[in-house]
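Peer 1: I'd like to go over a predicted model; first the sequence, then the structure.
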Amino acid sequence: MKKVIKYIMLDILRNKIVLAYMICLLLFSFGLFMVEDLPEKSLISILTLNLTLVPLVGIIFSTMYIYNSSEFIELLVAQPIKRKTIWFSMFIGLSFALSIAFLIGCGLPILIFSPNTQGLTMIVTGVLLSLIFVSIALFITVYIQDKTKGIGASLLLWLYFTILFDGIVLFVLFQLLEYPLENLIVGLSILNPIDLVRIVSLLKMDISALMGATSAVFRQYFTGSIGYLISYGILLLWIIIPLLLSTRKFIKKDL
């Protein structure tokens, strides 16, 4: 297993897309901290970038990598290696490589210019976001054999999580203004890891003006240490559930 993980990590870290992703994050983050007088303003801009770019690269790159590695995966399956081990190795390799790219690209500037709880929250949630969308990508690739359809499904999911979700929440709010919707809004926010990361980050920064409808309601229900534990627990479930479902499918799948 260690050899497979090491090969995958080195292969991905040498990939031009991952290197370009890391360099873009690094230049953007350093540039923002150099331009802005207050680190908090830079963190807000970096958060906006992370909520868009990190999920996009995580899900699209992982999806393409799995499809392009189909022959390599078939070769591994023919060896005396458990399928569960192969699939977990793919997840660990992709997650580690993309997390390293994020930590160097965003984590390093944040630790230099904003070494506080807000900065640490940004780094932790960014890594979790990378792992979540790698897990979702594995789920898509194991259930959709066609490469074009799989990449299309990944793009649609990314669009839903980043753009369409907030529109759906606002539509529900306007249609049901006369009813108590707090529990419904909290439930909907749990169904979107990007929205949840935004909420956790903004709550830590205590920037009420930038909070959307879901963030404002979430603040009423989940404050303090227990609230953050629940939030991070839900984010971990977003990693674990798609990974376990995809692993079970991969074990039974006829390659």
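Peer 2: Yep, that arrived. This structure is a prediction, so every number in the text was calculated from the model and none was measured. Numbering: from 1, shown residues only.
Peer 1: CA only for contacts and neighbour counts going forward, please
Peer 2: Will do.
Peer 1: next, the contact list for the most centrally placed residue in the chain, please.
Peer 2: When C-alpha atoms, centre = their mean is applied to the chain, the residue found nearest the centroid is residue 129 (2.3 Å). The contact partners of residue 129, taken as C-alpha atoms under 8 Å, 6 or more residues apart in numbering, are 54, 55, 193, 194, 197.
Peer 1: what's the helix or strand for the last one?
Peer 2: This means residue 197. Assigning secondary structure by DSSP states H and E places residue 197 in helix 193-205.
Peer 1: that helix: how far from the chain's middle?
Peer 2: Averaging C-alpha positions (C-alpha atoms, centre = their mean, to the nearest Å) puts helix 193-205 12 Å from its chain's average.
Peer 1: by contact count, what packs against that helix?
Peer 2: Counting contacts by 3 or more C-alpha pairs under 8 Å, 6 or more residues apart in numbering; DSSP states H and E, helix 193-205 packs against helix 39-68, helix 117-143, helix 182-190, helix 213-221, helix 224-252.
Peer 1: nearest to residue 205, out of those helices?
Peer 2: Nearest to residue 205, of all these, is helix 117-143, at 6.0 Å by C-alpha to C-alpha.
Peer 1: what about the closest residue to residue 27 other than its chain neighbours, how many residues close to it?
Peer 2: The spatially closest residue to residue 27, leaving aside those adjacent along the chain, is residue 105, at 7.6 Å (C-alpha to C-alpha, 6 or more residues apart in numbering). The burial count assigned to residue 105 is 22, neighbours taken as other C-alpha atoms under 10 Å.
Peer 1: ok, now residue 67?
Peer 2: Residue neighbour count, defined by other C-alpha under 10 Å, stands at 20 for residue 67.
Peer 1: pLDDT score for it?
Peer 2: According to the predicted model, the pLDDT of residue 67 comes to 93.
Peer 1: dump the residue contacts of it.
Peer 2: 141, 147 are the contacts of residue 67 under C-alpha under 8 Å, 6+ apart.
Peer 1: distance of it relative to residue 140?
Peer 2: Using C-alpha to C-alpha, to the nearest Å, one obtains 10 Å as the distance from residue 67 to residue 140.
Peer 1: same question for residue 11.
Peer 2: Shown here: residue 11 relative to residue 140, a distance of 22 Å by C-alpha to C-alpha.
Peer 1: likewise residue 64?
Peer 2: Here the criterion is C-alpha to C-alpha. By it, residue 64 lies 11 Å from residue 140.
Peer 1: show me which of those two is the more surrounded one.
Peer 2: Between residue 64 and residue 140, counted using other C-alpha under 10 Å, the more crowded position is residue 140 (21 against 17).
Peer 1: angle of the host helix or strand of residue 29 against helix 39-68?
Peer 2: Under the criterion DSSP H and E, the helix or strand holding residue 29 is helix 16-35. Angle between the axes of helix 16-35 and helix 39-68 is 180 degrees (criterion: axes from the mean of the first three to the mean of the last three C-alpha atoms, to 10 degrees).
Peer 1: many thanks, we can stop here.
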